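Visitor: take this sequence and fold it.
(one chain, ligands or ions: 2)
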Amino acid sequence: MDEKKVIFSGIQPSGDLTLGSYMGAIKNWVELSEDYNCYYCIVDMHAITVRQVPADLRRRTLEQLAQYIAAGIDPTKNTIFIQSHVPAHAELAWILNCYTMFGELSRMTQFKDKAAKNSDNINAGLFTYPALMAADILLYQADLVPVGDDQRQHVEITRDIANRFNGIYGDVFKLPEVYNPKVGARIMSLTSPENKMSKSDKDKGGCIYIMQSPDDIMRCFKRAVTDSDTWVHYDPENKKGVSNLMQIYAVATGKSFETIESEFTGRGYGDFKTAVGEAVVELLRPVREKASKLIADKAYLESVYKEGAERAAYAANKTLRKVYKKVGFVGK
Ligand code: ATP
Ligand code: LTN
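Guide: Ligands and ions are numbered 1, 2, ... in the order given. The predicted structure follows:
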(Lines give C-alpha, C1' and ligand atoms only; values in the text may rest on other atoms or scores of the structure.)
(Ligands and ions follow the chains in the order given, each with its own letter.)
Protein backbone atom coordinates (compact mmCIF):
# COMPACT_ATOMS: atom_id res chain seq x y z
CA MET A 1 0.00 0.00 0.00
CA ASP A 2 1.25 3.45 -0.91
CA GLU A 3 0.71 5.57 2.19
CA LYS A 4 2.60 8.60 0.94
CA LYS A 5 0.77 11.90 0.62
CA VAL A 6 0.00 13.03 -2.90
CA ILE A 7 1.39 16.04 -4.74
CA PHE A 8 0.17 17.45 -8.03
CA SER A 9 1.66 20.31 -10.00
CA GLY A 10 1.93 21.41 -13.60
CA ILE A 11 3.46 23.94 -15.94
CA GLN A 12 2.14 25.08 -19.31
CA PRO A 13 4.44 24.49 -22.30
CA SER A 14 3.61 28.04 -23.42
CA GLY A 15 7.22 29.24 -23.57
CA ASP A 16 10.72 28.26 -22.54
CA LEU A 17 11.00 27.61 -18.81
CA THR A 18 12.43 30.47 -16.79
CA LEU A 19 14.38 30.93 -13.61
CA GLY A 20 11.00 31.94 -12.12
CA SER A 21 9.41 28.57 -12.92
CA TYR A 22 12.54 26.85 -11.66
CA MET A 23 12.78 28.67 -8.32
CA GLY A 24 9.03 29.05 -7.73
CA ALA A 25 8.09 25.50 -8.68
CA ILE A 26 10.45 22.88 -10.14
CA LYS A 27 13.21 23.17 -7.53
CA ASN A 28 10.62 22.45 -4.83
CA TRP A 29 9.11 19.63 -6.82
CA VAL A 30 12.47 17.92 -6.74
CA GLU A 31 12.85 18.43 -2.99
CA LEU A 32 9.37 17.04 -2.35
CA SER A 33 9.69 14.13 -4.75
CA GLU A 34 11.46 11.85 -2.29
CA ASP A 35 8.79 11.97 0.38
CA TYR A 36 5.54 12.23 -1.57
CA ASN A 37 3.71 10.39 -4.32
CA CYS A 38 4.12 13.06 -6.99
CA TYR A 39 2.30 13.73 -10.24
CA TYR A 40 4.09 16.32 -12.35
CA CYS A 41 2.24 17.30 -15.46
CA ILE A 42 2.90 19.25 -18.65
CA VAL A 43 -0.39 21.06 -19.06
CA ASP A 44 -0.66 21.41 -22.84
CA MET A 45 -4.46 21.79 -22.69
CA HIS A 46 -4.03 24.89 -20.55
CA ALA A 47 -1.42 26.24 -22.97
CA ILE A 48 -3.90 26.50 -25.86
CA THR A 49 -6.01 29.03 -23.95
CA VAL A 50 -3.51 31.40 -25.59
CA ARG A 51 -2.86 30.85 -29.31
CA GLN A 52 0.18 28.58 -29.89
CA VAL A 53 2.13 27.62 -33.01
CA PRO A 54 1.50 23.83 -33.18
CA ALA A 55 5.08 22.82 -34.02
CA ASP A 56 6.45 24.99 -31.20
CA LEU A 57 3.95 23.58 -28.71
CA ARG A 58 4.96 20.03 -29.62
CA ARG A 59 8.69 20.81 -29.35
CA ARG A 60 8.33 22.68 -26.06
CA THR A 61 6.23 19.91 -24.53
CA LEU A 62 9.05 17.42 -25.06
CA GLU A 63 11.72 19.92 -24.01
CA GLN A 64 9.80 20.58 -20.82
CA LEU A 65 9.65 16.87 -20.10
CA ALA A 66 13.43 16.66 -20.57
CA GLN A 67 13.89 19.63 -18.23
CA TYR A 68 11.73 18.09 -15.49
CA ILE A 69 13.91 14.98 -15.55
CA ALA A 70 17.14 16.96 -15.86
CA ALA A 71 16.16 19.07 -12.83
CA GLY A 72 16.16 15.88 -10.76
CA ILE A 73 12.66 14.41 -10.90
CA ASP A 74 13.09 10.66 -11.17
CA PRO A 75 10.44 9.27 -13.55
CA THR A 76 10.70 5.83 -11.99
CA LYS A 77 9.69 7.19 -8.58
CA ASN A 78 7.24 9.89 -9.73
CA THR A 79 4.60 10.16 -12.41
CA ILE A 80 5.52 12.60 -15.17
CA PHE A 81 2.96 12.96 -17.94
CA ILE A 82 1.31 15.11 -20.56
CA GLN A 83 -2.16 16.41 -19.67
CA SER A 84 -3.81 15.71 -23.06
CA HIS A 85 -2.78 12.03 -22.78
CA VAL A 86 -5.17 11.51 -19.89
CA PRO A 87 -8.75 12.25 -21.07
CA ALA A 88 -10.05 12.25 -17.50
CA HIS A 89 -8.74 15.83 -17.15
CA ALA A 90 -11.05 17.14 -19.89
CA GLU A 91 -13.91 14.96 -18.64
CA LEU A 92 -13.77 16.13 -15.04
CA ALA A 93 -13.16 19.73 -16.15
CA TRP A 94 -16.53 19.73 -17.92
CA ILE A 95 -18.29 18.54 -14.81
CA LEU A 96 -16.51 21.03 -12.58
CA ASN A 97 -17.44 23.79 -15.00
CA CYS A 98 -21.01 23.13 -13.91
CA TYR A 99 -20.04 23.67 -10.26
CA THR A 100 -17.98 26.82 -10.83
CA MET A 101 -19.61 30.22 -10.75
CA PHE A 102 -19.28 32.97 -13.33
CA GLY A 103 -18.66 35.48 -10.55
CA GLU A 104 -15.77 33.59 -8.99
CA LEU A 105 -14.07 33.06 -12.37
CA SER A 106 -14.42 36.79 -13.06
CA ARG A 107 -12.31 37.54 -10.00
CA MET A 108 -9.26 35.55 -11.13
CA THR A 109 -6.30 37.87 -11.56
CA GLN A 110 -4.57 35.58 -14.09
CA PHE A 111 -7.69 35.79 -16.29
CA LYS A 112 -7.75 39.57 -16.02
CA ASP A 113 -4.01 39.81 -16.85
CA LYS A 114 -4.15 37.40 -19.77
CA ALA A 115 -7.35 38.92 -21.13
CA ALA A 116 -5.67 42.33 -21.12
CA LYS A 117 -2.59 40.92 -22.89
CA ASN A 118 -4.63 38.95 -25.48
CA SER A 119 -7.53 41.28 -26.11
CA ASP A 120 -8.10 39.78 -29.58
CA ASN A 121 -8.63 36.27 -28.16
CA ILE A 122 -10.51 36.32 -24.86
CA ASN A 123 -11.89 32.81 -25.35
CA ALA A 124 -14.10 30.73 -23.07
CA GLY A 125 -11.18 28.38 -22.27
CA LEU A 126 -9.16 31.25 -20.86
CA PHE A 127 -12.11 32.12 -18.64
CA THR A 128 -12.80 28.58 -17.40
CA TYR A 129 -9.08 27.74 -17.08
CA PRO A 130 -9.43 27.31 -13.26
CA ALA A 131 -12.03 24.52 -13.68
CA LEU A 132 -9.52 22.50 -15.72
CA MET A 133 -6.82 23.23 -13.15
CA ALA A 134 -9.17 22.11 -10.37
CA ALA A 135 -9.79 18.89 -12.33
CA ASP A 136 -6.01 18.33 -12.61
CA ILE A 137 -5.57 18.57 -8.87
CA LEU A 138 -8.75 16.89 -7.64
CA LEU A 139 -8.47 13.83 -9.91
CA TYR A 140 -5.42 12.71 -7.93
CA GLN A 141 -6.84 13.58 -4.49
CA ALA A 142 -3.74 15.74 -4.03
CA ASP A 143 -2.77 16.90 -0.54
CA LEU A 144 -0.30 19.53 -1.67
CA VAL A 145 0.17 21.73 -4.73
CA PRO A 146 3.65 23.28 -4.98
CA VAL A 147 3.38 26.48 -7.06
CA GLY A 148 4.63 30.06 -7.10
CA ASP A 149 2.68 32.91 -5.53
CA ASP A 150 0.76 33.77 -8.68
CA GLN A 151 -1.06 30.42 -8.57
CA ARG A 152 -2.31 30.69 -4.97
CA GLN A 153 -5.67 32.07 -6.07
CA HIS A 154 -6.19 29.11 -8.41
CA VAL A 155 -5.57 26.60 -5.63
CA GLU A 156 -8.02 28.51 -3.44
CA ILE A 157 -10.77 28.34 -6.08
CA THR A 158 -10.00 24.62 -6.44
CA ARG A 159 -10.76 24.23 -2.75
CA ASP A 160 -13.96 26.24 -3.12
CA ILE A 161 -15.12 24.07 -6.04
CA ALA A 162 -14.24 20.87 -4.17
CA ASN A 163 -16.04 22.09 -1.06
CA ARG A 164 -19.15 22.94 -3.04
CA PHE A 165 -19.14 19.53 -4.71
CA ASN A 166 -18.50 17.68 -1.45
CA GLY A 167 -21.27 19.70 0.21
CA ILE A 168 -23.77 18.29 -2.28
CA TYR A 169 -22.51 14.72 -2.76
CA GLY A 170 -20.45 13.81 0.31
CA ASP A 171 -16.69 13.50 0.60
CA VAL A 172 -15.60 12.93 -2.97
CA PHE A 173 -12.56 15.23 -3.20
CA LYS A 174 -9.66 15.84 -0.87
CA LEU A 175 -9.13 19.57 -0.22
CA PRO A 176 -5.63 20.47 -1.42
CA GLU A 177 -3.25 22.91 0.27
CA VAL A 178 -0.91 25.25 -1.54
CA TYR A 179 2.83 24.73 -0.96
CA ASN A 180 4.73 27.97 -1.42
CA PRO A 181 8.51 28.25 -1.05
CA LYS A 182 9.62 30.70 1.69
CA VAL A 183 12.06 32.38 -0.69
CA GLY A 184 11.62 32.38 -4.47
CA ALA A 185 7.81 32.30 -4.61
CA ARG A 186 7.82 35.42 -6.75
CA ILE A 187 10.86 36.12 -8.89
CA MET A 188 10.59 39.43 -10.70
CA SER A 189 11.77 40.53 -14.14
CA LEU A 190 15.39 41.74 -14.15
CA THR A 191 14.54 44.75 -16.33
CA SER A 192 11.17 45.69 -14.79
CA PRO A 193 11.28 44.36 -11.21
CA GLU A 194 7.70 45.46 -10.55
CA ASN A 195 6.55 42.64 -12.89
CA LYS A 196 6.77 38.88 -12.42
CA MET A 197 9.40 37.08 -14.50
CA SER A 198 7.22 35.28 -17.02
CA LYS A 199 7.99 32.96 -19.92
CA SER A 200 5.46 34.56 -22.23
CA ASP A 201 6.84 38.04 -21.50
CA LYS A 202 7.68 40.03 -24.62
CA ASP A 203 10.69 41.66 -22.91
CA LYS A 204 13.20 38.80 -23.15
CA GLY A 205 15.98 40.79 -21.44
CA GLY A 206 14.20 40.60 -18.09
CA CYS A 207 13.96 36.85 -18.18
CA ILE A 208 16.53 34.13 -17.49
CA TYR A 209 15.81 30.81 -19.19
CA ILE A 210 16.85 27.40 -17.89
CA MET A 211 18.48 26.58 -21.23
CA GLN A 212 20.26 29.91 -21.69
CA SER A 213 24.05 29.94 -22.18
CA PRO A 214 26.26 31.12 -19.29
CA ASP A 215 27.41 34.16 -21.34
CA ASP A 216 23.85 35.25 -21.98
CA ILE A 217 22.91 34.77 -18.34
CA MET A 218 25.84 36.91 -17.20
CA ARG A 219 24.93 39.60 -19.73
CA CYS A 220 21.33 39.73 -18.43
CA PHE A 221 22.43 40.01 -14.81
CA LYS A 222 24.95 42.76 -15.61
CA ARG A 223 22.06 44.74 -17.16
CA ALA A 224 19.68 44.08 -14.28
CA VAL A 225 17.89 47.16 -12.95
CA THR A 226 18.97 48.23 -9.43
CA ASP A 227 18.62 51.73 -7.94
CA SER A 228 20.53 54.94 -7.39
CA ASP A 229 22.27 54.09 -4.08
CA THR A 230 24.83 51.36 -3.54
CA TRP A 231 23.46 49.48 -0.56
CA VAL A 232 22.78 45.74 -0.92
CA HIS A 233 19.82 45.61 1.43
CA TYR A 234 16.51 43.69 1.42
CA ASP A 235 13.60 46.10 1.08
CA PRO A 236 11.07 44.79 -1.47
CA GLU A 237 8.97 47.97 -1.20
CA ASN A 238 11.64 50.55 -1.97
CA LYS A 239 14.49 48.54 -3.50
CA LYS A 240 12.64 46.18 -5.83
CA GLY A 241 15.51 45.39 -8.20
CA VAL A 242 18.11 44.75 -5.50
CA SER A 243 15.68 42.74 -3.34
CA ASN A 244 14.82 40.56 -6.33
CA LEU A 245 18.51 39.89 -6.99
CA MET A 246 18.98 39.08 -3.30
CA GLN A 247 16.09 36.64 -3.47
CA ILE A 248 17.60 34.92 -6.51
CA TYR A 249 21.02 34.77 -4.84
CA ALA A 250 19.49 33.41 -1.63
CA VAL A 251 17.74 30.56 -3.47
CA ALA A 252 20.80 29.76 -5.60
CA THR A 253 23.26 29.69 -2.66
CA GLY A 254 21.08 28.91 0.38
CA LYS A 255 22.42 32.05 2.11
CA SER A 256 20.21 34.25 4.32
CA PHE A 257 19.52 37.90 3.50
CA GLU A 258 21.69 39.00 6.48
CA THR A 259 24.65 36.97 5.24
CA ILE A 260 24.23 38.43 1.76
CA GLU A 261 24.06 41.99 3.11
CA SER A 262 27.27 41.58 5.05
CA GLU A 263 29.00 39.79 2.16
CA PHE A 264 28.47 42.86 -0.03
CA THR A 265 28.92 45.66 2.52
CA GLY A 266 31.16 48.32 0.99
CA ARG A 267 31.16 46.65 -2.42
CA GLY A 268 29.35 48.09 -5.44
CA TYR A 269 26.34 46.70 -7.29
CA GLY A 270 28.68 45.57 -10.10
CA ASP A 271 30.31 42.95 -7.86
CA PHE A 272 26.94 41.90 -6.51
CA LYS A 273 25.35 41.40 -9.93
CA THR A 274 28.34 39.35 -11.08
CA ALA A 275 28.07 37.12 -8.01
CA VAL A 276 24.34 36.57 -8.54
CA GLY A 277 24.92 35.80 -12.24
CA GLU A 278 27.65 33.29 -11.44
CA ALA A 279 25.55 31.56 -8.79
CA VAL A 280 22.67 31.20 -11.26
CA VAL A 281 24.97 29.90 -14.01
CA GLU A 282 26.22 27.18 -11.64
CA LEU A 283 22.70 26.38 -10.42
CA LEU A 284 21.38 25.89 -13.96
CA ARG A 285 24.47 24.35 -15.59
CA PRO A 286 23.77 20.70 -14.67
CA VAL A 287 20.09 21.04 -15.59
CA ARG A 288 20.91 22.55 -18.98
CA GLU A 289 23.60 19.99 -19.77
CA LYS A 290 21.48 17.02 -18.82
CA ALA A 291 18.38 18.37 -20.57
CA SER A 292 20.31 18.90 -23.84
CA LYS A 293 21.31 15.25 -23.82
CA LEU A 294 17.81 14.03 -22.96
CA ILE A 295 16.13 16.12 -25.67
CA ALA A 296 18.08 14.15 -28.27
CA ASP A 297 16.77 10.84 -26.90
CA LYS A 298 13.22 10.85 -28.24
CA ALA A 299 12.66 7.13 -27.60
CA TYR A 300 13.47 7.54 -23.91
CA LEU A 301 11.21 10.57 -23.57
CA GLU A 302 8.41 8.66 -25.25
CA SER A 303 8.79 5.76 -22.85
CA VAL A 304 8.59 8.17 -19.90
CA TYR A 305 5.45 9.97 -21.04
CA LYS A 306 3.69 6.79 -22.09
CA GLU A 307 4.30 5.10 -18.78
CA GLY A 308 3.42 8.30 -16.94
CA ALA A 309 0.08 8.60 -18.76
CA GLU A 310 -0.80 5.03 -17.95
CA ARG A 311 -0.12 5.45 -14.24
CA ALA A 312 -1.86 8.83 -14.12
CA ALA A 313 -4.94 7.52 -15.96
CA TYR A 314 -5.28 4.68 -13.50
CA ALA A 315 -5.43 7.04 -10.51
CA ALA A 316 -7.52 9.67 -12.32
CA ASN A 317 -10.17 7.25 -13.57
CA LYS A 318 -10.86 6.04 -10.07
CA THR A 319 -11.92 9.53 -9.04
CA LEU A 320 -13.74 10.17 -12.31
CA ARG A 321 -15.85 7.02 -11.96
CA LYS A 322 -16.87 8.06 -8.49
CA VAL A 323 -17.85 11.53 -9.70
CA TYR A 324 -19.90 10.15 -12.61
CA LYS A 325 -21.83 7.99 -10.22
CA LYS A 326 -22.40 10.81 -7.74
CA VAL A 327 -23.80 13.24 -10.31
CA GLY A 328 -26.21 10.61 -11.64
CA PHE A 329 -24.68 9.37 -14.90
CA VAL A 330 -25.68 5.83 -15.87
CA GLY A 331 -22.68 3.51 -15.59
CA LYS A 332 -21.39 1.73 -18.72
P1 ATP B 1 3.06 32.28 -18.70
O2 ATP B 1 3.88 33.50 -18.98
O3 ATP B 1 2.85 31.37 -19.88
O4 ATP B 1 1.80 32.56 -17.94
P5 ATP B 1 4.76 31.80 -16.46
O6 ATP B 1 6.17 32.09 -16.82
O7 ATP B 1 4.04 32.84 -15.69
O8 ATP B 1 3.94 31.40 -17.75
P9 ATP B 1 3.76 29.35 -15.47
O10 ATP B 1 3.86 28.30 -16.46
O11 ATP B 1 2.44 30.05 -15.34
O12 ATP B 1 4.84 30.46 -15.69
O13 ATP B 1 4.20 28.83 -14.06
C14 ATP B 1 4.86 27.65 -13.79
C15 ATP B 1 5.07 27.53 -12.32
O16 ATP B 1 6.15 28.36 -11.95
C17 ATP B 1 3.88 27.97 -11.48
O18 ATP B 1 3.85 27.19 -10.31
C19 ATP B 1 4.20 29.38 -11.14
O20 ATP B 1 3.61 29.78 -9.94
C21 ATP B 1 5.71 29.33 -11.02
N22 ATP B 1 6.31 30.60 -11.44
C23 ATP B 1 6.24 31.14 -12.68
N24 ATP B 1 6.87 32.31 -12.73
C25 ATP B 1 7.35 32.51 -11.48
C26 ATP B 1 8.09 33.57 -10.88
N27 ATP B 1 8.46 34.62 -11.57
N28 ATP B 1 8.43 33.44 -9.57
C29 ATP B 1 8.07 32.37 -8.86
N30 ATP B 1 7.36 31.34 -9.37
C31 ATP B 1 6.99 31.41 -10.65
N1 LTN C 1 -2.10 27.34 -13.84
C2 LTN C 1 -0.75 26.95 -13.67
C3 LTN C 1 -0.41 25.66 -14.35
C4 LTN C 1 -1.25 24.55 -13.86
C5 LTN C 1 -1.17 23.93 -12.57
C6 LTN C 1 -2.16 22.92 -12.56
C7 LTN C 1 -0.36 24.15 -11.45
C8 LTN C 1 -2.26 23.92 -14.53
N9 LTN C 1 -2.79 22.96 -13.77
C10 LTN C 1 -2.38 22.12 -11.45
C11 LTN C 1 -0.60 23.32 -10.32
C12 LTN C 1 -1.58 22.35 -10.33
C13 LTN C 1 0.12 28.08 -14.20
O14 LTN C 1 -0.32 28.87 -14.95
N15 LTN C 1 1.31 28.10 -13.81
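Visitor: hmm, who's touching the strand or helix carrying C38?
Guide: In the assignment (DSSP states H and E), C38 maps to strand 37-42. Under the contact criterion Cβ atoms under 8 Å, 6 or more residues apart in numbering, strand 37-42 has outside partners 2, 4-13, 29, 32, 61, 64-65, 68, 73, 78-83, 136, 140, 142, 312, 315. (Glycine included, C-beta is placed from N, CA and C.)
Visitor: which ones are touching the nearest residue to I26 once chain neighbours are set aside?
Guide: The shortest distance from I26 to any non-neighbouring residue, by Cβ to Cβ, 6 or more residues apart in numbering, is to A71 (5.0 Å). Contact analysis of A71 by Cβ under 8 Å, 6+ apart lists Y22, I26, K27, W29, V30, V287.
Visitor: and which of these is nearest to M101?
Guide: Closest to M101 out of those is W29 (30.9 Å), distances taken as Cβ to Cβ.
Visitor: distance check, the closest one against ligand 1.
Guide: Remark: distance between W29 and ligand 1 (Cβ to the nearest ligand atom, to the nearest Å) = 9 Å.
Visitor: which among the contacts of strand 37-42 end up buried?
Guide: 6-13, 29, 32, 61, 64-65, 68, 73, 78-83, 136, 140, 142, 312, 315 (16 or more other Cβ atoms under 10 Å).
Visitor: give me the subset of these touching ligand 2.
Guide: Among the buried ones among the contacts of strand 37-42, the residues that sit close to ligand 2 (Cβ under 6 Å from any ligand atom) are F8, S9, G10, I11, Q12, D136.
Visitor: so can I have CSV of the residues you listed showing pLDDT and distance to P193?
Guide: Converted to CSV, those look like this (pLDDT from 0 to 100; distance: Cβ to Cβ, whole Å):
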residue, pLDDT, distance to P193
F8, 98, 31
S9, 98, 26
G10, 98, 27
I11, 98, 23
Q12, 97, 23
D136, 98, 31
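Visitor: just the ones of the residues you listed in strands?
Guide: Here DSSP state E is the test, and these give F8, S9, G10, I11 as lying in strands.
Visitor: for the first one, give me its contacts.
Guide: Okay, so that is F8. F8 neighbours (Cβ under 8 Å, 6+ apart): C38, Y39, Y40, C41, D136, I137, Y140, A142, V145, P176.
Visitor: list just the nearest of those residues to ligand 1.
Guide: V145 (8.5 Å; Cβ to the nearest ligand atom).
Visitor: pull the longest helix from this structure.
Guide: Longest helix in the chain by number of residues, with DSSP state H as the criterion: helix 298-327.
Visitor: quick one: the helix or strand where F127 lies to helix 298-327, angle?
Guide: Here F127, judged by DSSP H and E, is contained in helix 124-139. Put simply, helix 124-139 runs at 90 degrees to helix 298-327, going by axes from the mean of the first three to the mean of the last three Cα atoms, to 10 degrees.
Visitor: roughly how far is stretch 67-86 from the heart of the chain?
Guide: Remark: stretch 67-86 is offset 13 Å from the chain centroid, using Cα atoms, centre = their mean, to the nearest Å.
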